[in-house]
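S.K.: Please work out how this folds:
(4 chains)
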There are 2 protein chains.
Amino acid sequence: MARLTNCIAMMDEGIGRVSQIIPQLPAPEARLCRLMLMVGASLEEELEFKLKPHKLNHSEFLTLMILYSRPDGSSTPGELCEFASQGATNMTRIANALVKRGLITRGASEEDRRRVLIRITPAGRRFVQKMLPPMFPRVATMFADFSDNDKRNLSRLLRMLAHNLDQLSETSHP
Amino acid sequence: MARLTNCIAMMDEGIGRVSQIIPQLPAPEARLCRLMLMVGASLEEELEFKLKPHKLNHSEFLTLMILYSRPDGSSTPGELCEFASQGATNMTRIANALVKRGLITRGASEEDRRRVLIRITPAGRRFVQKMLPPMFPRVATMFADFSDNDKRNLSRLLRMLAHNLDQLSETSHP
DNA sequence: ACATTTTATTTCACTGATGAAATATGACTT
DNA sequence: AAGTCATATTTCATCAGTGAAATAAAATGT
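M.R.: Residues are numbered from 1 along each chain as shown, chains lettered A, B, ... in the order given. Reported below is the predicted structural model:
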């Protein structure tokens, strides 16, 4: 596996040369794009790697964490679809997997019996509380040399970028 | 599709509540991780969306761009594997696809006849020069409200993060 | 000359995700 | 009460990515 730093060095040179052939290229912005893509992918790998021992994939983990973070520990498939960015079909599958492992329960809602209430179980809570802490050191390491100001800045810039991406997809793939 | 901004708001609240239950949670760092993952995934989507009309996927595009950016327009499968983060099997497939479309050629190297020389064709260059410029406005839009200082900062912080991620994967999945 | 290593391709099998359309059920409207 | 809308599940098909192992061909080492 080539290290990220190598790929970045190579990307830097590459964009440099391309912008000589195509001067209209917004080189600094293109570099930021590629950086985001590379670092994002690497982070994703890192996460999946930590989840593998628990036999969870990213979507299942995210779904479970959303439930865990809810004051009442519950939600509905539709809502989970939204926040986990999943299709309805997939959410049914995810819920199936988590139910089978006893981490969540599924039941009809009282008020609107079309809805399904998904709820994290005590076992689900224990599971999260057990699997989460071992991840903390690695997360801390990632930002070990960041000053508080660096962290605030990164947060701010990523949120700005997120906002702009929302605009983009609203206008083109609405 | 839920907008990124919604998911972020929801993530912020979620992590806030989780860190009340689990005080050791490094909340600011966890937030940054989630932000990176969300924005990275959204950027990836945006890119694939722009590539789809050209019937290219991310790896094919990246491979083609690496070749385009080379001074001599050529490379070898092994090298491309490294920088495109692909397995050898997959690189053979990618090359097959690009050869079939006449964007690259494949031939034995003169010096070391085990090696295969992959070279971008004039048609490949024209293809890149035609497909790239329409992407520029969208890339510029993403960072429209970034000051030069913001861009420099984001670049610096992402590179720091990349470096730390390299350390992490060296020690654990070596 | 023979064994080992390097490089790339092929084969095969599997995983994983994905999503459209049909179905089922219940709520809302008029 | 009939029609329409909302919610979730099931079915089905498919695509995309992946990767290990076998194969082939050429260089390198001894």
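S.K.: From now on I want contacts and neighbour counts done on CA atoms only, so please keep to that.
M.R.: OK.
S.K.: Is chain B within reach of the helix or strand containing residue A:37?
M.R.: According to DSSP states H and E, residue A:37 maps onto helix A:27-51. Yes: counting by C-alpha under 8 Å from any C-alpha of the partner chain, chain B is contacted by helix A:27-51 at A:28-30, A:32-33, A:35-37, A:39-44, A:46.
S.K.: quick one, that helix and helix B:27-51 angle?
M.R.: Going by axes from the mean of the first three to the mean of the last three C-alpha atoms, to 10 degrees, helix A:27-51 is angled at 120 degrees with respect to helix B:27-51.
S.K.: follow-up on the earlier one: filter the residues of helix A:27-51 next to chain B down to the buried ones.
M.R.: Applying 16 or more other C-alpha atoms under 10 Å in any protein chain shown to these, the neighbour count classes A:28-30, A:32-33, A:35-37, A:39-44, A:46 as buried.
S.K.: can you give me phi and psi for the residue lying farthest from the centre of chain A?
M.R.: Taking C-alpha atoms, centre = their mean as the measure, the residue most remote from the mean C-alpha position of chain A is residue A:21, 36.2 Å away. Per-residue torsions, residue A:21: phi -80, psi -40 (degrees, to the nearest 10).
S.K.: Distance check, it against residue B:75.
M.R.: Residue A:21 sits at a distance of 19 Å from residue B:75 (criterion: C-alpha to C-alpha, to the nearest Å).
S.K.: same thing with residue A:153?
M.R.: Using C-alpha to C-alpha, one gets 38 Å for the distance from residue A:153 to residue B:75.
S.K.: Between these two, which has more neighbouring residues?
M.R.: residue B:75 (19 against 16; other C-alpha atoms under 10 Å in any protein chain shown).
S.K.: burial count for the nearest residue to the more buried one once chain neighbours are set aside?
M.R.: Closest residue to residue B:75 in three dimensions, ignoring its sequence neighbours and counting by C-alpha to C-alpha, 6 or more residues apart in numbering or on different chains: residue B:118, at 5.3 Å. As a burial measure, the neighbour count of residue B:118 was computed by other C-alpha under 10 Å and equals 21.
S.K.: And for residue A:79?
M.R.: Considering only other C-alpha under 10 Å, residue A:79 is surrounded by 12 other residues.
S.K.: check which helix or strand covers it.
M.R.: In this assignment (DSSP H and E), residue A:79 forms part of helix A:77-84.
S.K.: Now do the buried residues in that helix.
M.R.: Taking 16+ other C-alpha under 10 Å as the basis for neighbour counts, the residues of helix A:77-84 that come out buried are A:77, A:80-84.
S.K.: Can you give me the pLDDT of the closest residue to DNA strand D within chain A?
M.R.: Using C-alpha to the nearest atom of the strand, the single residue of chain A nearest to DNA strand D is residue A:78, 3.3 Å away. Per-residue pLDDT puts residue A:78 at 93.
S.K.: so it makes contact with residue A:86?
M.R.: No: here residue A:78 lies out of contact with residue A:86, judged by C-alpha atoms under 8 Å, at a distance of 9.5 Å.
S.K.: Please convert the buried residues of helix A:77-84 to CSV, extending it with distance to residue B:67.
M.R.: Formatted as CSV, the entries for the buried residues of helix A:77-84 read as follows, by distance: C-alpha to C-alpha, whole Å:
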residue, distance to residue B:67
A:77, 45
A:80, 42
A:81, 40
A:82, 39
A:83, 38
A:84, 36
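S.K.: Surely the residue nearest to residue B:75 is in a helix?
M.R.: No: with DSSP: H, G, I helix; E, B strand; the rest coil as the criterion, residue B:118 is assigned strand and is not in a helix.
S.K.: Quickly note the distance from it to DNA strand C.
M.R.: 8 Å (C-alpha to the nearest atom of the strand, to the nearest Å).
S.K.: Next: residue A:84.
M.R.: Residue A:84 sits 10 Å away from DNA strand C, taking C-alpha to the nearest atom of the strand as the criterion.
S.K.: Same question for residue A:73.
M.R.: Taking C-alpha to the nearest atom of the strand as the measure, residue A:73 and DNA strand C are separated by 22 Å.
S.K.: for residue A:120, same thing?
M.R.: In this structure, residue A:120 and DNA strand C are 21 Å apart, going by C-alpha to the nearest atom of the strand.
S.K.: wait, doesn't that residue sit right on residue A:105?
M.R.: Yes: using C-alpha under 8 Å as the test, residue A:120 is close enough to residue A:105 to be in contact (6.4 Å).
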